[in-house]
Structures are given as C-alpha cells and as structure tokens.
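Q: Pasting the sequence and the predicted model now:
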Amino acid sequence: GAADRAEMDSVAQLNEYALKKHLPLDYKVLGHEGPAHRRTFTMRVVLNERAYPEAVGNSKKEAKQRAAKNALECLLESEQQAPMRRLSLKNSHAEINYIGIVNHYCQKKGSSPKYIEVRRCGPPHDPFFYKLELDDKEYPVGEGKTVKEAKQTAARLAWNDLQEQSDWDSQVSDISGQDASNTHSHSSALASLDLIYSSYCTTHDATTNDKFDPLECLGSGGFGSVYKARQRLLQKLYAVKIVTCQEKCLREVGTLSDLQHPNIVRYYNSWMEDSAYEGDTSADSSDSAATFLYIQMELCQSKTLTDWINKKNSESPPDSKRREESLSIARQTATGVEYIHREKHIHRDLKPANILFGQDGAVKIGDFGLVTGDDDDGSLMDRTVSHGTPTYMAPEQVRRKHALLTPVCPPCFTTLLHFLQTREIVLDIIITFLLSFLQKVLIESMLCERPEGRPEASEVRAELGKLSDRKSPLESVTV
Ligand SMILES: Nc1ncnc2c1ncn2[C@@H]1O[C@H](COP(=O)(O)OP(=O)(O)OP(=O)(O)O)[C@@H](O)[C@H]1O
C-alpha cells in the first residue's frame, strides 16, 4: 500500500542521493531468522563507509527498503544539525587546482613540469589525454573532456604518485635548502592548503562561505598536520587538520561527527578528495588513491595537558592551586569519557598529549584516531591490545611491564586520567601528592588489572567530585 510505496521511495531517494553526491552505497544483509516460510531479514545501509541503523523485514526487499528509510532519516537529521555537517565525500577532483599544487611543488624544487598530449584522435568531442613529465619521469595519463580537465587529471595523478614516493618528505625539505624539514613541509603544506582552499571554494557553492586563511601550523602527527586557519567570511578561527586519507583518519572523522560534548573537541565539517570515484559508485575501492582529508575543528589552545603538567612540575615552590586544578581537569575528562562510553565508543589512546583545552580553558578530549566501537566484534583485549601508548595503556595490557610504568610515567596528577582507557587506569600520581586516603582508594581501584574490577567513568567522576570538595593534606598544612 501507501507505506510500501513510501518505502520504495526511500530506496530510490537514497540511490539518487548517493549518485548525486558520488558516495558509495551498499546494502549489507546482517542475518536472517526463523523458518523459511516466516523468515525475517536484517539489513543495513553502508553509505560512504558509514553504517546506518539496521532494519528488519519479512523479505530482503522489505528489509532493504526499511534500511534505506533509516539511513534517509539519519541523513536528514544530520543535515538539520548545522553546523554539525557529517562527512561528505565530494567528488572534488575538478575543484582542486592540482596544476597549481604541482606548479608550486615544482617551483620549490626548481624543476619545470611539462604536460604532454598523449593521443588525440577521432571527432572533436572525444576526450583529451595528457601526462605530466617531471625530472625525466613520466606520470600516469589523465583524461578529460577539455585540455584543461585532462591536464588537471594528469596533475592529480602525478601528485598522488609524488606523495607515494618514499623520499617524499626529504625531497621537499632538500629543495628548500633548509635543514629543518618540518619548517619547510609546513610552509609548503600551508601553500597547498591555500591553493586547495582557493580553488575549492571558488567553485563549490556549498563551501563558498568556508574560505580559510591558513595562519600557522599547530603541529604534526603521524598522519598529517593541524593548522590554525581563519574563515574569511566570519573571521572566525578554526583548527583544520589535513591528512593523507587513511582508515585511521576516516575513523576519527566518523566518530567526531557523532560526538558533541563540551569536553570533546568539536567537529564542524570535513571533506575529502578520492580518486576512486569518478561518478561511478561501483568503483573498486582498492583502486582508491585518496589524497587529502580536511577536518575542520574547534580551535583549542596550543598547550596540551602534557605542557600543563610540565609547567606545574617546573614550578618552585609548587603551585598551591595544583590539586584543585588537577581535580577539575580530571573531572572534566571523566565527564567526556563517560559520554564517549555512553555513545558506545572507546578512545584507546587517552593520554595528556591528547587532552587539549578550549579557548575558555575547558578540557577537550581530542585525537580519536584509535577509537573503536564497544559493540565491535572481538573481545576487549583483542580490540585494545597493541593500540595506544604504552605508558598509558590499561593495566592488564601492560601487566608484565609494570616496571616500565612507575618511573616512566609523567609525575603527579596525570595518571588520574588513566581510568579513561575504557575504565582502565594506569597508575602513578601517588608519587607527587600527599594523597588522602580516599584518593588512594580511588586510584587503586582504577589500577585494578581486571577491567570489571575498575570503576565506570561515571563513578570516577562522582568520586572526583567528592574529592574536590575536600581539602588536601598539603593544603591544610600550607594554609
Ligand atoms: N583542535 C585543535 N586545536 C588546536 N590544536 C590542535 C587541535 N587538534 C590538534 N592540535 C594539535 O596539533 C598537533 C597535531 O595533532 P594531531 O592530532 O595531528 O597529531 P597527534 O595527536 O600528535 O598524533 P597522531 O595523529 O599521530 O596520533 C598536536 O600538537 C595537537 O595538540
């Protein structure tokens, strides 16, 4: 009836949406139940590598229609949650000025790119083919409806190859004549950011207002760099993370777009360029040579909790407010972790370097690159083992390496954060402060090797709340 038609429309609508946005769309059968004549099927939509809520139907067709409906509802909801825009995979090859990027690279390298027409035959509407020659090396042939488009494609393919080269970083730093490779890669990346943004924003109406001026590089991680950038229209400051797109980064974006909490770095938008999709949603994903993933986030202060701890440790005499501030940071972190767990995620790399502070000083948990779902397949140990940073791993993961922990752990307060590893806490702290009996009990319980023996993040938060109402032995002596 009408309901069926509505559901039919859902499949059609979702197909249309995916086609228009060039997003890979897949329907996964999760299982079936019951005898053959009364069998029910469970299915879910996976759109652009994102899984949507599952749906049950009396036939595969029905389950598919309902799954499409669920996905559409989620998409609609996320569209309405501006500015929390979800990852949108835009087929922006044509919008990114790869010729400009390659030119910029060549300029720095002191070499000149040559675009060579490969073959041109048939009637005038036939495509053009160009390849880029650089330093006597030829890069893959690019195709386009116009000469410009073919050259852009050739530049993109060359740019992808150039980045794959094992000596990519050193090449870029060598050409600058600077020994600090980082400095140069940063300025080069800043220029690329500017180029990419300029060309991207002038041609893509959805992001016309999102033009950014890159201001400075805030730091680099294993997968890319984070820049302070000013949105031109509103003159607002953001942090923009640019990464060569990998699974870890997509996971980070996927998670951040799900989470909205005062103690979690706020995500605003992200976009990527992926050469696997040329409007062909059935493209083989193994063929995907992703280039850049941009993640627009709230701009936090440049100092992390690591810096905070180091500063406090260097103060003499010790800061009398330290205990109070420590408890407040730990409480806010616990609140953030409680929320992450409630949303069925596990951070897996919680450590002072990944705890930032917002402009107002509030704690902001960041770097969700190792995040995992707590309903994923596999045991907790399987999912957490060999992930994270050894000093901050959960106790059961490092039980044979306790000797490592105590001396290596940053002194004082920091270990109060360890409970954050999926209820698992590592240790320490005890060294620096004269902790009250309650504090000791709390920390010891958080250090329990059995995950089930450790308190939930919510319990830790509550205990920390109680502790912050008490005066420390140190304070009672000094006051
Ligand atoms: N939203 C932000 N605001 C301000 N600075 C940030 C923000 N996000 C990250 N940074 C800073 O940028 C630097 C690089 O961060 P990034 O997340 O890329 O790497 P990482 O966490 O150091 O390493 P990896 O990604 O390899 O785990 C870090 O010093 C971090 O403090």
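A: Sure, I can see it.
Q: got a list of what Arg39 touches?
A: His32, Glu33, Asn58 (Cβ atoms under 8 Å, 6 or more residues apart in numbering). (Glycine included, C-beta is placed from N, CA and C.)
Q: can you rerun that using 7 Å?
A: By Cβ atoms under 7 Å, 6 or more residues apart in numbering, the contact set of Arg39 is His32, Glu33.
Q: separation between it and Lys151?
A: As judged by Cβ to Cβ, to the nearest Å, Arg39 and Lys151 stand 55 Å apart.
Q: Next, count neighbours for the nearest residue to Pro318 once chain neighbours are set aside.
A: Among residues not flanking Pro318 along the chain, Lys312 sits closest, at 7.5 Å (Cβ to Cβ, 6 or more residues apart in numbering). Counted with other Cβ atoms under 10 Å, residues neighbouring Lys312 total 18.
Q: secondary structure element for Lys312?
A: Secondary structure assignment for Lys312, by DSSP states H and E: helix 305-314.
Q: ok, that helix near the ligand or not?
A: No: using Cβ under 6 Å from any ligand atom, helix 305-314 never reaches the ligand; the gap is at least 8.8 Å.
Q: is it true that Gln260 lies in a helix?
A: No: read with DSSP: H, G, I helix; E, B strand; the rest coil, Gln260 is coil and lies in no helix.
Q: From the ligand, how far out is it?
A: 15 Å (Cβ to the nearest ligand atom, to the nearest Å).
Q: what's around that residue, how many residues?
A: Neighbour count of Gln260, defined by other Cβ under 10 Å: 13.
Q: With the one 3 residues further on instead?
A: Summarising burial for Asn263: neighbours were counted as other Cβ under 10 Å, giving 20.
Q: how close does the closest residue to the ligand within the stretch 201-350 of the chain get to Asp367?
A: Nearest to the ligand, among the residues of the stretch 201-350 of the chain, is Gly221, at 2.1 Å (Cβ to the nearest ligand atom). Per Cβ to Cβ, Gly221 is found 7 Å from Asp367.
Q: Give me the average confidence score over stretch 244-261.
A: Averaged across stretch 244-261, the pLDDT comes to 75.
Q: Helices of this structure, residue ranges please.
A: 2-21, 60-80, 98-109, 147-164, 168-176, 181-203, 247-258, 305-314, 322-342, 380-384, 402-408, 437-446, 457-468, 473-478 (DSSP state H).
Q: Show me which residues of the stretch 201-350 of the chain sit near the ligand.
A: Near the ligand, when you scan the stretch 201-350 of the chain using Cβ under 6 Å from any ligand atom, you find 218-224, 226, 239, 241, 265, 297-300, 304.
Q: Any of the residues you listed buried? List them.
A: Leu218, Phe223, Gly224, Val226, Ala239, Lys241, Val265, Met297, Glu298, Leu299, Cys300, Thr304 (16 or more other Cβ atoms under 10 Å).
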